[in-house]
Structures are given as C-alpha cells and as structure tokens.
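S.K.: here is my input, please return the structure:
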Amino acid sequence: MSALPVLYSFRRCPYAMRARLALAASGQTCELREVVLRNKPQSLLQASPKGTVPVLVLPPTGDGAPGLVLEQSLDIMLWALQRNDPGAWLAPSHGNHQDMLALIAECDGRFKQALDRCKYPNRYPDTNTEDERTPAAAWLHQLDARLAARSYLFGNHATLADMAIAPFVRQFAGIDADWWSAQPWPHLQAWLAQWQASALLASVMHKLPAWVDGTAGLVFPFAQKPSPGN
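M.R.: Below is the predicted model:
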C-alpha cells in the first residue's frame, strides 16, 4: 500500500468530502487515513504543517525525490479528474472551466465565511448571524435561478462545480432545516436532495475508525462497505 497516494481526510469536512467525491468518481486508488482533528497524526503534520484536511501525499518519484503534497481540496479534485474523468466533470455542457472555477471561488470565499458564522455563532461573538445569513441567502438564490434553467450548475450533467459546491450547501441547509425548507428555492432544494441521495455520496461517507500512526490505512475507493469506526 505504500506505493499508493495517501489521503488524509475527515468524514464530515466539506473540503475533504469534495476531494473524496472526485477521487471516487475518477477511480483513483489511494490509502485513506481518517483523521481525528483534535488529535492529528504526526505524519500528517510532517507532510503538511498547516494540519488541515484534505491532504493528498503522492508517492516518491522514480528518482527517489519526495512525492508532491496537495494541500487544497480543489487541487486534489483536479489531480484526480485530469487522470480520469468518466463523468465529464471537467467538460460542462454550458459555460467553461474558468466559469466553474469562478463559481467555486465564490463558494469558498464570501459564502463559506457566512456559512461559518451562521453555523458556529459562538466562535464569532461579535457577528450578527442574520447579517451573515443575508448575503449567503442571496448567493443561494442565484444558484436556484441558475438551476431553474438547467438540471446542474453548468448544464445537463454534474460537473466539478456541482461536486465542489454541494458539500457546503448541504452544511448550510443543515443549520436550520425548517428555515431551509421554507425558502423559495425549489430548484436548489431538489438539486441538493438529488445529490444527497446519490450512490456516489453514500460511497464516500462511511464512518471510519480513526487512523493511527504506524498502521495501514484503508484502500479507497471502497470495494465494499468498510467496518464502521467508533
């Protein structure tokens, strides 16, 4: 297993989730190490001192040089899909690659900032949650309008943008399910529900035991449902 790329991940992290989605869709085999964020393994910190997930450590090169370390979820998605993209996630039927990256940047920027402040108000005591929800809702309203014209964010099939953004919309919807259901966003709500019910998402969301330094991780994507963690 040592020759496989090593993915440090955390099941519920939306960034790690999008990376696992792309790795699974592309069929890129790796060794998955589930991380407990309050007790990060030393090998993760050695590979990526910032200590956030996901991190993908590629095998050493043929000349013995250390393998590349991918520390950004979007870089991991692109690395996987550029090797194999059976679902044409990188080939939208409407718009282009740069358009997708621009929308993902909006998600990862102001929307993620508002998401954090709405989801974890105790971490931001000087922030008014309603003030943060307003711009987030405006951005989600734009997504609903986009989805009114087509089934997915960039055309008639799921793309990089859908898979990169959906984990964060899921997290926002989960803050207040009643509020989410009451919003006039039928297209966005249907898009999220379809994604949440997908076999692909189910295949990357298994509960796993925490990985411990010096032990073997799990081969991912899973050929069958792994044993659950504690």
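S.K.: for residue 41, what are its contacts?
M.R.: Residue 41 is in contact with 8, 33, 35, 211-213, counting by Cβ atoms under 8 Å, 6 or more residues apart in numbering. From N, CA and C alone the C-beta is placed, and that goes for glycine too.
S.K.: okay if I get these as TSV plus neighbour count and secondary structure?
M.R.: Output for the contacts of residue 41, formatted as TSV (neighbours: other Cβ atoms under 10 Å; DSSP: H, G, I helix; E, B strand; the rest coil):
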residue	neighbour count	secondary structure
8	28	strand
33	25	strand
35	25	coil
211	23	coil
212	12	coil
213	10	coil
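S.K.: name the helix or strand for residue 131, please.
M.R.: Using DSSP states H and E, the element containing residue 131 is helix 129-149.
S.K.: now that helix, how far from the centre of its chain.
M.R.: 20 Å (Cα atoms, centre = their mean, to the nearest Å).
S.K.: mind giving me the packing neighbours of that helix?
M.R.: With contacts defined as 3 or more Cβ pairs under 8 Å, 6 or more residues apart in numbering; DSSP states H and E, the packing partners of helix 129-149 are helix 112-119, helix 160-173, helix 186-196.
S.K.: hmm, 6 Å instead?
M.R.: With contacts taken as 3 or more Cβ pairs under 6 Å, 6 or more residues apart in numbering; DSSP states H and E, helix 129-149 sits against helix 112-119, helix 186-196.
S.K.: and stretch 165-184, what's buried?
M.R.: 165-169, 171-173, 175, 180 (16 or more other Cβ atoms under 10 Å).
S.K.: list the contacts of it.
M.R.: Defining contact as Cβ atoms under 6 Å, 6 or more residues apart in numbering, one finds that stretch 165-184 is touched by 14, 17-18, 107, 115, 118-119, 192, 195.
S.K.: repeat that for stretch 72-83.
M.R.: Contacts for stretch 72-83 (Cβ under 6 Å, 6+ apart): 15, 18-19, 22-23, 26, 28, 54, 56, 70, 89-90.
S.K.: buried residues in it?
M.R.: Buried residues in stretch 72-83 (16+ other Cβ under 10 Å): 73-74, 76-81.
S.K.: so which of the residues you listed sit within helices?
M.R.: Judged by DSSP state H, these include 73-74, 76-81 as members of helices.
S.K.: thinking again about what came up before, pick the one among the contacts of residue 41 closest to residue 61.
M.R.: residue 8 (20.2 Å; Cβ to Cβ).
S.K.: from residue 118, how far off is that closest one?
M.R.: Look at residue 8 and residue 118: by Cβ to Cβ, to the nearest Å, they are 27 Å apart.
S.K.: in what helix or strand does the residue located most distally from the centre of the chain lie?
M.R.: Residue distances from the centre of the chain (Cα atoms, centre = their mean) peak at residue 63, which lies 32.5 Å from the mean C-alpha position. Using DSSP H and E, residue 63 falls within no helix or strand.
S.K.: what's the pLDDT at it?
M.R.: The score at residue 63 is 79. That number is its pLDDT.
S.K.: gap between it and residue 162?
M.R.: 39 Å.
S.K.: same deal with residue 151?
M.R.: 10 Å.
S.K.: more neighbours, these two?
M.R.: Neighbours were counted for residue 151 and for residue 162 using other Cβ atoms under 10 Å; residue 162 has more, 24 against 15.
S.K.: quick check: that one touching residue 152?
M.R.: Yes: taking Cβ atoms under 6 Å as the definition, residue 162 is a contact partner of residue 152 at 5.2 Å.
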